[in-house]
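Visitor: my questions are about this predicted structure, shown below with the sequence.
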Amino acid sequence: MTGTLDLKALRITQGDKLVVSLTQQVAPGEVLTIMGPSGSGKSTALAAMMGTLSAAFRWEGQILLAGRDITTLPPHKRGVGLLFQDDVLFPHLSVGDNLAFALPPSVKGRAARRAAINDALDQADLSGFAARDPATLSGGQRARVALMRTLLARPCALLLDEPFSRLDASLRVQIRSFVLSRVRSEGLPAVLVTHDVEDARAAGGPVITPLGEPVSI
Ligand SMILES: Nc1ncnc2c1ncn2[C@@H]1O[C@H](COP(=O)(O)OP(=O)(O)OP(=O)(O)O)[C@@H](O)[C@H]1O
């Protein structure tokens, strides 16, 4: 189910320092970009949405996803998918088994699970790659498998933590447009953390700091 990601007066502090202050709605298919210098709180904001915020922080506010209050739910119950720069595939599993790992238990039976995996590979232009060893894939192919693995878990929102920063320039453009087109076609609200102005422009949504100040790009 898709729906809006609603950050309601989310405030995170460390001691007396305000690290995150966000009141923002992210519509299905929209990308909210968070930019700011190193140490400014970008990853902390994502951790709060993911449910992995360190106990070193104090927080208040509410996070709603598709009308459901997920503020205090554990990460696996939030329906939030994460894609990050060092997203690695399990090296001892085939590409297909890497994807199978992400499939929810609701996809039952060998045939249905295999069909879901093949469908994901087709969508990523990787038809016939199920038996491949991840080590034999290019960087772009690995990035597409990592995205499909995240999407196969059927998230209701997608968090993107500098997912393109390790890719070289031409691959970056290609994978970025693949990820953004998937966000739009799946109608997922997404939050992108990046240092790259081109990423922010391509995302096409609002661009703010972790303190909710608008950034002009
Ligand atoms: N687990 C933690 N425990 C205590 N302090 C932390 C923890 N993680 C981050 N911090 C501190 O919180 C502040 C925000 O860090 P955060 O990682 O969110 O910044 P960032 O904007 O994501 O930086 P970068 O661009 O370098 O990834 C920093 O002062 C950092 O030192």
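Guide: Now that the structure is in, tell me what you want to look at. Numbering: from 1, shown residues only.

Visitor: buried residues, stretch 108-119. List them.
Guide: 113, 116-118 (16 or more other C-beta atoms under 10 Å). All C-beta spots, glycine's among them, are computed from the backbone N, C-alpha and C.

Visitor: list the contacts for the nearest residue to residue 93 once chain neighbours are set aside?
Guide: Distances taken as C-beta to C-beta, 6 or more residues apart in numbering place residue 101 nearest to residue 93, at 7.0 Å, with adjacent residues excluded. Shown in contact with residue 101 (C-beta atoms under 8 Å, 6 or more residues apart in numbering): 90, 93, 149.

Visitor: just give me the closest of those residues to residue 216.
Guide: residue 149 (35.0 Å; C-beta to C-beta).

Visitor: spatially nearest residue to the closest one (excluding sequence neighbours)?
Guide: Nearest one to residue 149, counting by C-beta to C-beta, 6+ apart, is residue 102 at 4.5 Å.

Visitor: number of residues surrounding that neighbour?
Guide: Residues near residue 102, counting by other C-beta atoms under 10 Å, number 19.

Visitor: helix, strand, or coil at it?
Guide: coil (DSSP: H, G, I helix; E, B strand; the rest coil).

Visitor: confirm for me that it is in contact with residue 147.
Guide: No. Taking contacts as C-beta atoms under 8 Å, residue 102 lies outside contact range of residue 147: 10.8 Å.

Visitor: out of the contacts of residue 101, who's the most crowded?
Guide: Most neighbours among the contacts of residue 101, by other C-beta under 10 Å: residue 149, with 24 neighbours.

Visitor: name the residues of stretch 137-153 that are buried.
Guide: 137, 140-152.

Visitor: also stretch 127-139?
Guide: For stretch 127-139, a neighbour-count test (16+ other C-beta under 10 Å) marks 129-130, 132, 134, 137 as buried.

Visitor: please apply the same query to stretch 6-19.
Guide: 6-7, 10-12, 19.
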